[in-house]
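A.B. asks: please work out how this folds:
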Amino acid sequence: MAARRLVLWDIDHTLIDTRGVGRELSAQAFEEVTGLPMEKQAKIDGITESVIFRETAKLHGLTTTRDDFERFAEALTKAHMDRSAELRDRGQALPGAAAALDALASMPDIIQTVLTGNIRRVAEIKLQVFDLDRHIRWDIGAYGEDDDIRAELVRIALRRATPAFGGPTSSANAVLIGDTPADIEAALESGVPAIAVASGRSSTDELRNAGAVRVLPTLENTAVFIEMMNGIQV
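C.D. replies: Residues are numbered from 1 along each chain as shown. You can find the predicted model right below:
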């Protein structure tokens, strides 16, 4: 019997592209919580939502607390709920994303979840909007409210997977799939194999320079993706 494997999916620019809607919703929530228009935003690629909020606030001369972030998270969730139709119309599921999720779901040894800088409710809305949530175990994922450090999110997901695996989940039993150097660095720090997908702002060279040894240009070729997955030894 094949060993069970936990697949940790990044969301933005790996599975979906909000095409600017995400930034608009962040700006809406930021202004609602701080009273200031979001004139600029901190780096977002591979960064958790809590850090993005804190660092964006600093760019506007503000010092924030955990309570401020929690109010921002609530406002951001509501914004995504209220404008989910707009997100669907303007954003997109990336080519090959649905097929990749379905292909993994057909493999009985695979459990799929997400490892994302998004807060959980926003992550759920984003994948629901594009019908990519069918195979995701949300209860064992790790999210932007869980920790500031992405590598720690990997460790959180491994711990949360214990009930699904019937015991402790080793890093060797997981695979992280993401589009940023931060995803690759988190995987390397945690001892988790990774597949990098150059469907975001990072090129294949940038992902390799970050330490990725398995890089795909997109998820469009499902057969190549599955072959790469099967080549990772447990």
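
A.B. asks: looking at this protein, which helix or strand is least sure?
C.D. replies: One helix or strand of the chain scores below all others by mean pLDDT, DSSP states H and E: helix 162-165, with a mean of 90.

A.B. asks: could you point out which element follows that helix?
C.D. replies: As assigned by DSSP states H and E, the chain's next helix or strand after helix 162-165 is strand 174-178.

A.B. asks: just give me how far the least confident helix or strand of the chain sits from the chain centre.
C.D. replies: Counting by CA atoms, centre = their mean, to the nearest Å, helix 162-165 is centred 21 Å from the centre of its parent chain.

A.B. asks: what's in contact with it?
C.D. replies: 4, 6, 111, 137, 140, 168-169, 173 (CB atoms under 8 Å, 6 or more residues apart in numbering). Every residue, glycine included, has its C-beta placed from N, CA and C.

A.B. asks: how about the contacts made by K78?
C.D. replies: Neighbours of K78 in contact, by CB under 8 Å, 6+ apart: A29.

A.B. asks: okay but R5 is in contact with I110, surely?
C.D. replies: Yes. Applying CB atoms under 8 Å as the test, R5 and I110 come out as touching, 5.5 Å apart.

A.B. asks: neighbour count for the two, which is higher?
C.D. replies: Neighbours were counted for R5 and for I110 using other CB atoms under 10 Å; R5 has more, 21 against 17.

A.B. asks: and the more buried one, how far from L104?
C.D. replies: 9 Å (CB to CB, to the nearest Å).

A.B. asks: what residues do those two have in common as contacts?
C.D. replies: Joint contacts of R5 and L104 (CB under 8 Å, 6+ apart) are I110.

A.B. asks: how many neighbouring residues does the residue nearest to A98 when sequence neighbours are not counted have?
C.D. replies: Among residues not flanking A98 along the chain, L132 sits closest, at 6.1 Å (CB to CB, 6 or more residues apart in numbering). Applying other CB under 10 Å, we find 22 residues neighbouring L132.

A.B. asks: and what of the one 10 residues further on?
C.D. replies: Residue neighbour count, defined by other CB under 10 Å, stands at 26 for A142.

A.B. asks: which residues touch it?
C.D. replies: Neighbour list for A142: 8, 114-116, 153-154, 156-157, 160 [criterion: CB under 8 Å, 6+ apart].

A.B. asks: which ones among those are found in helices?
C.D. replies: Using DSSP state H, the members of the contacts of A142 that fall in helices are 153-154, 156-157, 160.

A.B. asks: need these in JSON lines with pLDDT, can you?
C.D. replies: Shown next, in JSON lines, are these (pLDDT from 0 to 100):
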{"residue": "L153", "pLDDT": "97"}
{"residue": "V154", "pLDDT": "97"}
{"residue": "I156", "pLDDT": "97"}
{"residue": "A157", "pLDDT": "97"}
{"residue": "R160", "pLDDT": "97"}
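
A.B. asks: for this structure, longest helix please?
C.D. replies: Longest helix in the chain, counting by DSSP H: helix 66-82.

A.B. asks: and stretch 95-105, average pLDDT?
C.D. replies: Mean pLDDT, stretch 95-105: 98.

A.B. asks: starting at the chain centroid, how far to that stretch?
C.D. replies: For stretch 95-105, the distance to the chain centre is 16 Å (CA atoms, centre = their mean).

A.B. asks: how about stretch 219-234?
C.D. replies: 19 Å.
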